[in-house]
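Trainee: could you work out the structure for the sequence below:
(chains A and B)
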There are 2 protein chains.
Amino acid sequence: MTYCVAMRLDAGLVFLSDSRTNAGVDHINTFRKMTVWERPGERMLVLMTSGNLSISQSVVNVLNEHLAATDKPNLYNAPNLFEAARLVGDALREVHQRDAAALKEFGVDFAAAFILGGHIHGEEPRLFQIYAAGNFIEATHDTPYFQIGESKYGKPIIDRVVKKATSLEEASKCALISMDSTIRSNLSVGLPLDLLVYERGDFKVTHQIKIGADDPYFNQIRTQWGERLRQVFAELPDPAWD
Amino acid sequence: MTYCVAMRLDAGLVFLSDSRTNAGVDHINTFRKMTVWERPGERMLVLMTSGNLSISQSVVNVLNEHLAATDKPNLYNAPNLFEAARLVGDALREVHQRDAAALKEFGVDFAAAFILGGHIHGEEPRLFQIYAAGNFIEATHDTPYFQIGESKYGKPIIDRVVKKATSLEEASKCALISMDSTIRSNLSVGLPLDLLVYERGDFKVTHQIKIGADDPYFNQIRTQWGERLRQVFAELPDPAWD
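Mentor: All right, here's what the predicted structure looks like:
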């Protein structure tokens, strides 16, 4: 399983992914689920992937192969994020055409869900969620975030806290708390985490941090959050039965 | 969809269920998902149901029909909760035998998940989760609660707060907060709620409350919880990037 979350805020973009993959509980590995394409000063794109790892990796490879052919549309020359999302969708369909039937024969679903976000000069930062069929939706003012993978445990805190006006620091903090709730409830989501923060207008990665089990900040907020949550809970009035 | 949660604590049992059923978003109704069998002074049993409503209702009807035949095993004469869970499993299998093939022809899964808890004189209070196949598991000291239906949104707070030593008041409060998180995230879980509290040794329902949209206590704790959560979140330190 996987948990990835991305937010599109007035101030920029926040991406957070875990790195655990599993093919059964006895086959657990660490793979990065975040890929970055960057042309400093001009564009910065982030793709986060969930689902079947062979599909995700194939899609990233197809996208990278296309970078070489500069006469064809690719992530370095796509004029905007919408066209970039289409390229990811096309790559997914290419992999589907090649692999889906063979996977099906072995009873394996063609499972994939991606988040693509970034900023290309000439437009605002944008965020897309791409489905296995290669179609996609875009985050709007009303719903400034997308989640893929094991999304439910960590959704309530985001719904309560994140608005489009939320700062990049607060949004990163919220993504980490959301990830903490998910890791506590689902064994198949695990450290290390990849956190990427993009400040609107930078046209390059503003901050990118790998968060392992010994990260002092993550450990501080997850401990403090748990303690304060229990304290706030204890302070709520008990029900009176009569 | 449905969300039901039950806890087995040193002090007794807590059951909470929502009441929304839906067959598509344009066919939403209110049905109680909690059924109680009581012989005051001797036994108190609670069944909570999720899944296909026709299956749940059929199972409850089968169980009730059997109550009349006092020479056969039923929920009023089962010697212990384990045998009562078996009776629920048997009723499920009876309904499965009658309906599963016909449902399948219409592409409808035989979906059902139940929680059975209670106290029968001569043993401790017990709590079981019963699957569609009629098999079941029992709550233990390590995992003192079960959830059925839309369980993920409301799980983190229970994991953080509920231990077997938790009081019935705290546990009820936690179940309600867990329900609040679920209702906020999933439209198909809705009010009114049924809260049933059983104090160990009572051998009858100790408290049973219907909680509607105008319930002052529920509204107070859900508002206060949301506010304090945002406050605690704001007080967590922001990440420093360097």
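Trainee: buried residues, stretch A:36-49. List them.
Mentor: A:36-37, A:43-49 (16 or more other Cβ atoms under 10 Å in any protein chain shown). Yep, even glycine has a C-beta here, placed from its N, CA and C like the rest.
Trainee: equivalent analysis for stretch A:234-242, please.
Mentor: Neighbour-count burial for stretch A:234-242, with 16+ other Cβ under 10 Å as criterion, is recorded at A:236, A:239.
Trainee: can you map out the strands along chain A?
Mentor: A:3-9, A:12-17, A:20-22, A:28-30, A:34-39, A:43-51, A:112-120, A:126-131, A:136-138, A:145-149, A:193-199, A:207-211 (DSSP state E).
Trainee: re the thing from before, can you pick out the most distant pair from the buried residues of stretch A:36-49?
Mentor: Spanning the widest gap among the buried residues of stretch A:36-49 are A:Arg43 and A:Thr49, at 19.5 Å by Cβ to Cβ.
Trainee: against A:Val95, how distant is the closest residue to A:Asp90 other than its chain neighbours?
Mentor: Distances taken as Cβ to Cβ, 6 or more residues apart in numbering or on different chains put A:Gly134 closest to A:Asp90, at 6.7 Å, once the chain neighbours are dropped. Noted for A:Gly134: a distance of 10 Å to A:Val95, by Cβ to Cβ, to the nearest Å.
Trainee: what residues does stretch A:85-99 touch?
Mentor: With contact meaning Cβ atoms under 8 Å, 6 or more residues apart in numbering or on different chains, stretch A:85-99 is reached by A:47, A:54-55, A:58-59, A:62-63, A:66, A:73-75, A:78, A:110, A:112, A:114, A:116, A:128, A:130, A:132-136, A:138.
Trainee: and it, average pLDDT?
Mentor: Per-residue pLDDT over stretch A:85-99 has a mean of 97.
Trainee: and for stretch A:27-43?
Mentor: 90.
Trainee: work out the sheet partners of the helix or strand of chain A with the lowest mean pLDDT and label each with its direction, please.
Mentor: Lowest by mean pLDDT, DSSP states H and E among the helices and strands of chain A is strand A:28-30, with a mean of 77. Strand pairing for strand A:28-30, using DSSP bridges, gives strand A:20-22 (antiparallel).
Trainee: next one: the partner strand to chain centre, how far?
Mentor: With Cα atoms, centre = their mean, to the nearest Å as the basis, strand A:20-22 stands 15 Å off its chain's centre.
Trainee: do the same with stretch A:93-103
Mentor: Chain-centre distance of stretch A:93-103: 23 Å, with Cα atoms, centre = their mean.
Trainee: and if you look at stretch A:6-25?
Mentor: 3 Å.
Trainee: about what we covered before: list only buried entries from the contacts of stretch A:85-99.
Mentor: Buried among the contacts of stretch A:85-99 by 16+ other Cβ under 10 Å: A:47, A:55, A:58-59, A:62-63, A:66, A:74-75, A:78, A:110, A:112, A:114, A:116, A:128, A:130, A:132, A:134, A:136, A:138.
Trainee: longest helix of chain A?
Mentor: Taking DSSP state H as the criterion, chain A has its longest helix at helix A:81-105.
Trainee: now it: buried residues?
Mentor: Buried residues in helix A:81-105, counted by 16+ other Cβ under 10 Å: A:81, A:84-96, A:99-100, A:103.
Trainee: what stretches of chain A score poorly on pLDDT?
Mentor: A:23-25, A:242 (pLDDT under 70).
Trainee: if we use 90, what do you get?
Mentor: A:1, A:19-32, A:68-71, A:141-143, A:160, A:184-190, A:240-242 (pLDDT under 90).
Trainee: related to what we said a few turns ago, and the strands of chain A: which comes nearest B:Gln220?
Mentor: Nearest of those to B:Gln220, taken as Cβ to Cβ: strand A:145-149 at 29.0 Å.
Trainee: pairing partners for the closest one, with directions?
Mentor: With DSSP bridges as the test, strand A:145-149 pairs up with strand A:3-9 (antiparallel).
Trainee: show me the contacts for A:Phe31.
Mentor: Neighbouring residues of A:Phe31 by Cβ under 8 Å, 6+ apart: A:19, A:21, A:53.
Trainee: what's across from the second one in the sheet?
Mentor: For A:Thr21, the beta-bridge partners are A:Asn29 (DSSP bridges).
Trainee: I am finished for the moment; much appreciated.
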